[in-house]
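Engineer: Everything below, folded, please.
(one chain, ligands or ions: 2)
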Amino acid sequence: MILACSLSHSPVQGRKNDLHFQETKQRKITRREEKTEGAAMPVPIELTKEYGYVVLVLVAYAFLNFWMSFQVGKARRKYKVFYPTMYAVGSENKDAKLFNCVQRGHQNSLEVMPLFFAMLLLGGLQHPAAAAGLGALYTVARFFYFTGYATGAPRNRMKIGVPLSILAGVGLIVCAASFGINLVVRETL
Ligand SMILES: CCCCC/C=C/C=C1/C(=O)C=C[C@@H]1C/C=C\CCCC(=O)O
Ligand SMILES: N[C@@H](CCC(=O)N[C@@H](CS)C(=O)NCC(=O)O)C(=O)O
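Structural biologist: Ligands and ions are numbered 1, 2, ... in the order given. Sure, this is the predicted structure:
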């Protein structure tokens, strides 16, 4: 798979794009010829300007994760739950549930984070604008998931955080699936 960047915003760029188009056209002809001989040709993927928004959403989520980490640290000091204790115990700490709700708000987000990153970056290769929008929505949803959970009442995560996370997350999975299917179909044709 070849990643090639192409930005066209000026007349000079126009001529370069014509050349790029000719190169791409030639590559497609070559690929079709080589496919007749059974060789699998790489599929060129252009990283457009919109993919930059996908990357910026990833950066935004990184800051959200750092912020959640800081909130857990503050809860450790507030409720006197010290390292390496992961979850407080009710019989030992009267504020155990309050701390554990903050901890779970972050931990649950971490459980899904690798899947989110993968779906965002892969789905964004095929649908950069949609993936960036859904990724931004998922990031906002995770903020409400955490703040709802951190109230100390687990049900509060369900008001906005869970449904919005699932809505945005499923959308990102569809974007990634579309990218995979497109790669397979293009190679097969
Ligand atoms: C991009 C990947 C996201 C996948 C879909 C999003 C799920 C978001 C979730 C959330 O905000 C909290 C949990 C869920 C995880 C999914 C399963 C819920 C299981 C329901 C249960 O029985 O508890
Ligand atoms: N590790 C999760 C797996 C399932 C899950 O993510 N459930 C969602 C509900 S849709 C959740 O918010 N669980 C609460 C939590 O992880 O603390 C759990 O133990 O509940």
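Engineer: ok, the residue of the chain most remote from its centre to T85 distance?
Structural biologist: Here the centre of the chain is the reference, and by C-alpha atoms, centre = their mean the most remote residue is S91, at 39.2 Å. To T85, S91 is 13 Å away according to C-beta to C-beta, to the nearest Å. Backbone N, C-alpha and C define where each C-beta goes, glycine included.
Engineer: same deal with P44?
Structural biologist: For P44, the distance to T85 - C-beta to C-beta - is 52 Å.
Engineer: What helices and strands are in contact with the helix or strand harbouring C101?
Structural biologist: For C101, the host element (DSSP states H and E) is helix 96-126. Other helices and strands packing on helix 96-126, by 3 or more C-beta pairs under 8 Å, 6 or more residues apart in numbering; DSSP states H and E, are helix 49-79, helix 128-149, helix 161-188.
Engineer: so the second one versus helix 49-79, what angle?
Structural biologist: Using axes from the mean of the first three to the mean of the last three C-alpha atoms, to 10 degrees, one finds that helix 128-149 and helix 49-79 are set 10 degrees apart in direction.
Engineer: mind checking how far helix 128-149 is from the chain centre?
Structural biologist: Taking the mean of its C-alpha atoms, helix 128-149 sits 9 Å from the chain's own mean (C-alpha atoms, centre = their mean, to the nearest Å).
Engineer: Same check on stretch 162-173?
Structural biologist: How far stretch 162-173 lies from its chain's middle: 11 Å, per C-alpha atoms, centre = their mean.
Engineer: in the chain, which ranges drop under the pLDDT threshold?
Structural biologist: Low-confidence segments of the chain (pLDDT under 70): 1-40, 187-189.
Engineer: Close to ligand 2: what parts of it are there?
Structural biologist: Counting by C-beta under 6 Å from any ligand atom, the chain comes close to ligand 2 at 104, 108, 111, 157, 162.
Engineer: make it 5 Å
Structural biologist: Counting by C-beta under 5 Å from any ligand atom, the chain comes close to ligand 2 at 104, 108, 162.
Engineer: thought the second one was touching G148?
Structural biologist: No - judged on C-beta atoms under 8 Å, N108 makes no contact with G148 at a distance of 11.3 Å.
Engineer: Is it possible to get TSV of the helices and strands packed on helix 96-126 that adds mean neighbour count?
Structural biologist: Converted to TSV, those look like this (neighbours: other C-beta atoms under 10 Å):
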stretch	mean neighbour count
helix 49-79	15
helix 128-149	21
helix 161-188	16
